[in-house]
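Peer 1: let me see the structure of the following:
(one chain, ligands or ions: 1)
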Amino acid sequence: MITVALAKGRVYKAFNKFLADKGLNDYAEALTDGGRDLFREVGGVKFIFAKGKDVPTYVEQGIADLGVVGSDTIAEKSFNVLNVSELPFGQCRLAIAGPTNLDESDIKVVATSFPNITRKYFNQQKQDVSLIFLNGSVELAPILGLSDAIVDIVQTGTTLKQNDLEEYKTILSVQARLIANKQSFYTKEKEIYKFMQEIEVV
Ligand code: PRP
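Peer 2: Predicted coordinates for the structure are as follows:
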C-alpha cells in the first residue's frame with residue numbers, strides 16, 4: 001500500500017480530469033465526488049485529501065509516500081522532500097494584479113498568501129513594498145483599500161476581470177508536481193514506480 005496526499009481544490013480537480021482523460025477509471029471514479037471524505041482507497045493506493053499547503057508536510061513526515069501539489073506551494077516554502085517530476089496539469093500563474101489605473105512602480109503595499117515569493121520578487125526589483133499576509137480571497141484587499149496590489153494565483157483570469165482588477169505581470173509559472181518522501185522513494189520503490197507507470201508520469 002502506498003499513500004498519496006492530494007491537494008484539495010484546483011489541483012485535485014485537475015488530477016481527477018487527468019485520470020479520467022487517461023481512462024484510469026478506477027482512480028477517477030474513486031476520486032470523483034469525494035464529499036467530505038478525508039481519504040479513499042483504490043487497489044493498493046490510499047489517497048488522502050489535504051489542504052494544498054499541508055501536502056508537503058504529510059510527505060516530509062512520511063505519513064504520505066507521494067504528494068500531488070502545486071509548484072507554488074513548493075516554491076513558497078522549502079520542504080525536505082524529493083521533487084520527483086512535473087505533472088502535465090494544474091497550469092496557472094502567480095501574478096501581480098491590482099486596479100486598472102495603477103502603475104506597477106507605484107505599488108507600496110501588497111497583499112498575498114505567498115509572502116516569501118513576493119518578498120523575493122520585489123527585492124530583486126529593488127522595490128520597497130510592505131506585505132500583508134492573507135489566507136485567501138486576496139482580491140478583496142485592493143478593492144477595499146487594504147493594499148495597493150496583490151500577488152495571487154491567476155488561472156482563467158475570471159476572478160480579476162469580474163472584480164475590475166488587472167493582471168500586471170506573471171512572476172511565477174505554476175503547475176502540479178509529484179513529490180515523494182525521501183525514505184519511501186527507496187523502501188517502496190516498486191509500488192511507487194508502479195503507480196507512476198499507471199498514471200504515465202515515467
Ligand atoms: C484562486 C486564486 C484566485 C482564483 C483565480 O483562489 O486565489 O482567487 O483562484 O482563478 P481564476 O483566474 O480562474 O479566476 P481559490 O479559488 O483557489 O481560493 P482562495 O481565494 O481561497 O485562494
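
Peer 1: any weak-confidence spans in this protein?
Peer 2: Along the chain, segments meeting pLDDT under 70 span 34.

Peer 1: strands of that one, residue ranges please.
Peer 2: All strands of the chain, identified by DSSP state E, fall at 2-7, 39-42, 45-50, 66-70, 82-86, 92-99, 109-112, 130-133, 149-154, 165-174, 176-180.

Peer 1: just the buried residues of the longest one, please?
Peer 2: Using 16 or more other CB atoms under 10 Å as the test for burial, strand 165-174 gives Leu165, Tyr168, Ile171, Leu172, Val174. Any C-beta I mention is one placed from the backbone N, CA and C, and that applies to glycine too.

Peer 1: could you say which of the strands of the chain is packed most deeply?
Peer 2: strand 66-70 (a mean of 28; mean count of other CB atoms under 10 Å).

Peer 1: helices and strands around that strand, which ones?
Peer 2: Applying 3 or more CB pairs under 8 Å, 6 or more residues apart in numbering; DSSP states H and E, one finds that strand 66-70 contacts strand 2-7, helix 10-21, helix 55-60, strand 176-180.

Peer 1: looking at those, spot the one closest to Glu76.
Peer 2: helix 55-60 (9.9 Å; CB to CB).

Peer 1: send me the closest one as PDB with only the CA atoms.
Peer 2: This file holds the C-alpha atoms of helix 55-60, laid out as PDB (Å, rounded to 0.1, in the frame of the first residue of the first chain):
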ATOM      1  CA  VAL A  55       0.600  18.200   1.400                       C
ATOM      2  CA  PRO A  56       4.400  18.600   1.600                       C
ATOM      3  CA  THR A  57       4.200  18.300   5.400                       C
ATOM      4  CA  TYR A  58       2.400  14.900   5.200                       C
ATOM      5  CA  VAL A  59       5.000  13.800   2.600                       C
ATOM      6  CA  GLU A  60       8.000  15.200   4.600                       C
END
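
Peer 1: contacts for that helix?
Peer 2: Residues outside helix 55-60 that contact it (CB atoms under 8 Å, 6 or more residues apart in numbering): 5-7, 48, 50, 64-69, 73-74, 77, 79-81, 179-181.

Peer 1: now do the same contact list for Ala111.
Peer 2: Listed by CB under 8 Å, 6+ apart, the contact set of Ala111 reads Leu131, Ile132, Phe133, Leu134, Val138, Ala141, Pro142, Leu146, Ser147, Ala149, Ile150, Val151.
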